[in-house]
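Student: Sequence first, then the predicted structure:
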Amino acid sequence: MDLAYLLILDAAALIVATLVLSYFFFRDLLRKKQ
Amino acid sequence: MLELSIFDYGIIVAYLGLLFTIGYFVKGKVHNLTDYFLAGRRITLPIFVVTLVSTWYGGLLGVGELSFNYGIVNWVTQDLFWYISYLFFAFFLASKIHKSRLYTIPDQLERFYDKKSRFVGAIFNFIMVTPAPYILSMGLIFSILFGWEPWIGVVFGTLVIVFYTIRGGFIADIYTDFLQFFLMMFGVALVIPFAFLTYGGFDFLTNNLPATHFTFTGTWTTQMILVWGFIAFWTLVDPGFYQRCYAAKDSKIPKKGILISVGFWMLFDICTTFTGMYARAASNAGLLNVESATTSYISIADAVLPPVLIGIFLTGVIATIMSTADSFTFLGAMNLSHDIYKKTFRPKASEKKEMLATKIGILITAGFATILALFFESIVAMWYTIGTVGISALLVPVLAGFFYKGRKSPLAALLSMILGSFVSIVWFIHGYMNLDEWGWPQYICGIEPMYPGLIVSFIVFVTVTFIHVRRMK
């Protein structure tokens, strides 16, 4: 297997983790407003 | 100047517009000094991670340069040692800092020792957080993007930061950090798959890079690696880490938050290291025109990313620099207003006056950094090393304050800070008076100024504590 796929996996994991954290960030901000 | 599409410029302008909008609306959320300094000590786990990850990472172009020139050893010196330092901070310091319910590192010094230690500590703290290198980088990026003179970029970027930081303090910092965090992560992650599609897989790297780019030591000696690696001690006295621990909602958040942040940094660092290596391999293969190692990261992104995505990437680069510059500006202002104005000269100053002093402090910190960036560029290049002088002053007394259970000597703290930093400064000046043929400082035995300073600071602290505490009895 081309090791570069692991790099792409790493980049994809970074994007997914960013989206997940963004969800929780906004959830906390909205809760604060309420 | 880069050739960008109207959409790319649109993304960059929209980002800057959002920063202004945040600055405009955030003022209504600040009700008292704790809101302004620490967002009311109410930051939750996701907010903690977002603000720590984005603030901590400011040197994307520098990391690109090291990966371009040396390969994976960049990851060892700039990342691996730092992870160890973060973990130490998370497990042994984070909760202690939060529970102290203070505002700054000099606050800790006064708690452990006395007012004089706070004052001296505040000066070193201020040096560590002076945002001059980041403000200069902002100027350079704006000049690459818009074809401006660098000074225009420096002044424009500083005005944007000052506007929202003055209005919203740490709350504005949090909101802008989110925007910057999102752009940083996406911008950096996007380059890897497109570099793969443009140039090929791992074989492309191995065929076009020296073998030393793939080893953990590269062309570096063990001493060089250790000398660079242990600069990661910076974390243990980093004002940004402390500020976020104080601001956390409960005592478990700092530890958990740092551990999650380490996960983000790991994913992020692999992307930056290999992007730098892709740039070098493409340059070696004659497929990429790289003007300098410093801007190699931008060159490869420009070559592989399609319109719109290059706009996101470049906005991510600006965001990476701005998120550090704004936090440092605010931390410097807190040093001036809280540690020096309020605690040293005007103990009875009201919250309102302290907040006003902080706003003036933002102007002073940003003004000082701008002057350095505009007129003393050569000093700014050295600023990272100058910052490490702050570590040799603060590390021993701060860690001893947390971990040494015996009776503490204020005199030991004061002398260890002054003599430790003095030795570092002398070492630093000696190095810069003996430049090598490439213009780099030649330090005695090749050792960075921080280390002799730390050793002297430790010896002085232990000796004076031993003698002084016996006399105090």
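Tutor: Looks like it arrived, so ask away. Since this is a predicted model, take the numbers as computed values, not measurements.
Student: From here on, just use CA atoms for contacts and neighbour counts.
Tutor: OK.
Student: roughly how far is stretch B:266-277 from the heart of the chain?
Tutor: Put simply, stretch B:266-277 sits 18 Å off its chain's centre (Cα atoms, centre = their mean, to the nearest Å).
Student: Dump the C-alpha coordinates for it into PDB.
Tutor: Presented in PDB, the C-alpha positions along stretch B:266-277 are these (Å, rounded to 0.1, in the frame of the first residue of the first chain):
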ATOM      1  CA  MET B 266      -0.400  15.600  16.000                       C
ATOM      2  CA  LEU B 267      -2.700  15.400  13.000                       C
ATOM      3  CA  PHE B 268      -1.900  19.000  12.000                       C
ATOM      4  CA  ASP B 269       1.900  18.500  12.400                       C
ATOM      5  CA  ILE B 270       2.000  15.500  10.100                       C
ATOM      6  CA  CYS B 271       0.300  17.500   7.400                       C
ATOM      7  CA  THR B 272       2.700  20.500   7.700                       C
ATOM      8  CA  THR B 273       5.800  18.300   7.900                       C
ATOM      9  CA  PHE B 274       4.900  16.300   4.800                       C
ATOM     10  CA  THR B 275       3.700  19.300   2.900                       C
ATOM     11  CA  GLY B 276       7.100  20.900   3.400                       C
ATOM     12  CA  MET B 277       8.700  17.600   2.200                       C
END
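Student: Mind checking the pLDDT average for it?
Tutor: In this model, stretch B:266-277 carries a mean pLDDT of 96.
Student: So is it next to chain A?
Tutor: Yes: counting by Cα under 8 Å from any Cα of the partner chain, contacts between stretch B:266-277 and chain A involve B:267-268, B:270-271.
Student: Contact residues of chain A facing chain B?
Tutor: Within chain A, the positions near chain B by Cα under 8 Å from any Cα are A:2-5, A:7-8, A:10-15, A:17-18, A:21-22, A:24-25, A:28.
Student: Give me the neighbour count for residue 30.
Tutor: Going with chain A. 10 (other Cα atoms under 10 Å in any protein chain shown).
Student: think we crossed wires, I meant chain B
Tutor: The burial count for B:Val30: 19, using other Cα under 10 Å.
Student: domain parsing for chain B?
Tutor: With domains defined by automatic domain parsing, chain B comprises B:6-375, B:384-473.
Student: what are the ranges of the strands in chain A?
Tutor: Assigned by DSSP state E, the strands in chain A number zero.
Student: Would you map the helices across it?
Tutor: Taking DSSP state H to define them, one finds helices in chain A at A:4-33.
Student: ok, back up a step: okay, the domains of chain B, which one's buried deepest?
Tutor: For the domains of chain B, the largest average neighbour count (mean count of other Cα atoms under 10 Å in any protein chain shown) is found in domain B:6-375, namely a mean of 21.
Student: show me the contacts for the residue of chain A found nearest chain B.
Tutor: Chain B sits closest to A:Ala11 of chain A, with a gap of 4.6 Å, by Cα to the nearest Cα. A:Ala11 makes contact with B:189-190, B:192-193, B:267-268, B:271, according to Cα atoms under 8 Å, 6 or more residues apart in numbering or on different chains.
Student: need the helix or strand of chain B with the lowest average pLDDT.
Tutor: Least confident helix or strand of chain B, by mean pLDDT, DSSP states H and E, is helix B:222-229 with a mean of 79.
Student: helix or strand right after it?
Tutor: Moving toward the C-terminus from helix B:222-229, the next helix or strand (DSSP states H and E) is helix B:239-247.
Student: Identify all contacting residues around that next one.
Tutor: Residues from elsewhere that reach helix B:239-247 (Cα under 8 Å, 6+ apart): B:38-43, B:48, B:52, B:55-56, B:94-95, B:97-105, B:125, B:129, B:235, B:253-254, B:327-328, B:331.
Student: who's in contact with B:Ser416?
Tutor: B:393, B:396-397, B:456-461.
Student: now the residue nearest to the spatial centre of chain B, nearest residue through space, not along the chain?
Tutor: Nearest to the mean C-alpha position of chain B, counting by Cα atoms, centre = their mean, stands B:Trp56 at 4.9 Å. Setting aside the residues directly before and after it, B:Trp56 is nearest to B:Thr324 in space (Cα to Cα, 6 or more residues apart in numbering or on different chains), at 6.5 Å.
Student: ok, that neighbour - contacts?
Tutor: So B:Thr324 contacts B:54-58, B:131, B:134 (Cα under 8 Å, 6+ apart).
Student: which secondary structure element contains it?
Tutor: B:Thr324 belongs to helix B:309-334, assigned by DSSP H and E.
Student: Toward the C-terminus from that helix, list the very next helix or strand.
Tutor: The helix or strand immediately downstream of helix B:309-334 is helix B:351-375, counting by DSSP H and E.
Student: and that next one, what does it pack onto?
Tutor: helix B:33-38, helix B:132-146, helix B:150-199, helix B:309-334, helix B:377-403 (3 or more Cα pairs under 8 Å, 6 or more residues apart in numbering or on different chains; DSSP states H and E).
Student: How about residues contacting it?
Tutor: By Cα under 8 Å, 6+ apart, helix B:351-375 touches B:32-33, B:36, B:130-133, B:135-136, B:151, B:154-155, B:158, B:162, B:165-166, B:329-330, B:332-334, B:336-338, B:341-342, B:379-380.
Student: Do you know the pLDDT at the closest residue to chain A within the stretch 51-200 of chain B?
Tutor: Distances between the stretch 51-200 of chain B and chain A by Cα to the nearest Cα are smallest at B:Ala189, namely 4.6 Å. Looking at B:Ala189, its pLDDT reads 96.
Student: and the closest residue to B:Gly201 other than its chain neighbours, what pLDDT?
Tutor: Distances taken as Cα to Cα, 6+ apart put A:Ala4 closest to B:Gly201, at 5.2 Å, once the chain neighbours are dropped. A:Ala4 is assigned a pLDDT of 89 by the prediction.
Student: And for the one 3 residues further on?
Tutor: pLDDT, A:Leu7: 95.
Student: what do you get for B:Pro441?
Tutor: pLDDT, B:Pro441: 84.
Student: hang on, the earlier thing: tell me which of the contacts of B:Thr324 has the lowest pLDDT.
Tutor: Minimum pLDDT for the contacts of B:Thr324 is recorded at B:Gly58 (73).
Student: Surely that one touches B:Tyr134?
Tutor: Yes: the criterion here is Cα atoms under 8 Å, and B:Gly58 meets it with B:Tyr134 at 7.2 Å.
Student: For those two, list the residues in contact with both.
Tutor: Shared contacts of B:Gly58 and B:Tyr134, defined by Cα under 8 Å, 6+ apart, comprise B:321-322, B:324-325.
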